[in-house]
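>>> A structural model of the following input is requested.
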Amino acid sequence: MKKTILIVLLLSSFQSRAQILGFHPKVDTLFTAGGCTPTQIKSVFVPGQDGIDTLKILPDWNTWFWSSSYFGYSQAYFLISDSLKHDKMELWMQPSDAMEEPILIQADSVVWFGAFEYTFKLILIKDQIAIDSLSQFCKARIGMGSKKNKVAASPEIRLSNRPNPFNQETIIHYEIGQQSTVEIKIYNLRGQHVAELVNAFHLPGAYRTRWRTGRLGSGPYLIVLTTEDAILSCKCFLFK
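So this is what the prediction gives:
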């Protein structure tokens with residue numbers, strides 16, 4: 001009888017403990033992008049039925065999520081089993097660069113950050129002790145954070161293309177306010193580099209370059225201009 005009671009108590013203790021069931025999408029690396037702005041995400045906690053809760057990470061303004069096999073995830077999320085609601089959880093954004101401070105992301109809040117490589121880490125805490133954790137590695141591929149020590153583009157830098165939308169080719173116009181090495185690259189919306197148009201030292205001034213698309217298919221593309229101090233991008237549409 002005593003053994004039966006002990007087993008029941010142990011099972012009750014085990015079932016009452018919160019557990020992280022997984023992260024979705026199930027990818028090695030979750031890529032994020034914020035155009036010419038930092039990655040901006042929204043954290044939303046959704047209580048579920050049968051003790052299964054969801055902590056959503058949603059791409060907010062001017063931000064996309066994708067993986068090596070799929071572009072345009074509408075959300076990422078942790079699944080948590082906590083039927084008795086006795087445990088505390090903390091979601092952290094931890095940059096890979098040890099010089100950058102981690103960010104505690106509050107539930108139902110919006111945050112932005114410019115880390116190049118980072119990890120979303122969810123920690124479950126009971127009686128001030130971490131009882132479970134799960135991490136998801138991420139990379140920012142385009143925009144703020146795509147290179148270390150870069151800052152958002154200043155008013156001295158301009159980028160556009162005409163015509164837009166276009167067929168076969170377009171003229172890219174850009175202007176820089178101080179001398180710098182300039183790169184202009186084209187990415188598809190999976191984050192894949194499809195063309196490099198410019199990689200040279202520039203004096204301050206206005207410039208233009210032609211992008212001939214060749215065999216690339218119709219769809220949206222990102223034009224990304226990088227200088228020694230800033231990154232700027234703009235979206236264009238190719239129709240064939």
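>>> okay, and for the protein, where does confidence drop off?
1-17, 34-38, 83-86, 114-115, 141-155, 189-191 (pLDDT under 70).
>>> tell me which residue lies nearest the centroid of it.
T32 (2.2 Å; C-alpha atoms, centre = their mean).
>>> show me the contacts for it.
39, 41, 59, 63-65, 138-141 (C-beta atoms under 8 Å, 6 or more residues apart in numbering). Yep, even glycine has a C-beta here, placed from its N, CA and C like the rest.
>>> what do you get for K56?
So K56 contacts 42-46, 75-77 (C-beta under 8 Å, 6+ apart).
>>> got those as TSV, with distance to V194, secondary structure and neighbour count columns?
Listed next are these as TSV, based on distance: C-beta to C-beta, whole Å; DSSP: H, G, I helix; E, B strand; the rest coil; neighbours: other C-beta atoms under 10 Å:
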residue	distance to V194	secondary structure	neighbour count
K42	30	strand	17
S43	33	strand	19
V44	34	strand	15
F45	39	strand	15
V46	37	strand	12
Q75	27	coil	15
A76	26	strand	22
Y77	31	strand	18
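>>> now tabulate the residues you listed in a markdown table and tack on distance to I223.
Output for those, formatted as a markdown table (distance: C-beta to C-beta, whole Å):
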| residue | distance to I223 |
| --- | --- |
| K42 | 27 |
| S43 | 31 |
| V44 | 32 |
| F45 | 37 |
| V46 | 37 |
| Q75 | 27 |
| A76 | 27 |
| Y77 | 32 |
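>>> check the secondary structure at the spatially closest residue to I80 that is not a sequence neighbour for me.
Distances taken as C-beta to C-beta, 6 or more residues apart in numbering put D53 closest to I80, at 4.7 Å, once the chain neighbours are dropped. With DSSP: H, G, I helix; E, B strand; the rest coil as the basis, the three-state label of D53 is strand.
>>> A140 and Q40, how far apart?
11 Å (C-beta to C-beta, to the nearest Å).
>>> these two: which has the busier surroundings?
Higher neighbour count among A140 and Q40: A140, with 23 against 18, using other C-beta atoms under 10 Å.
>>> now the more buried one: which helix or strand?
strand 129-142 (DSSP states H and E).
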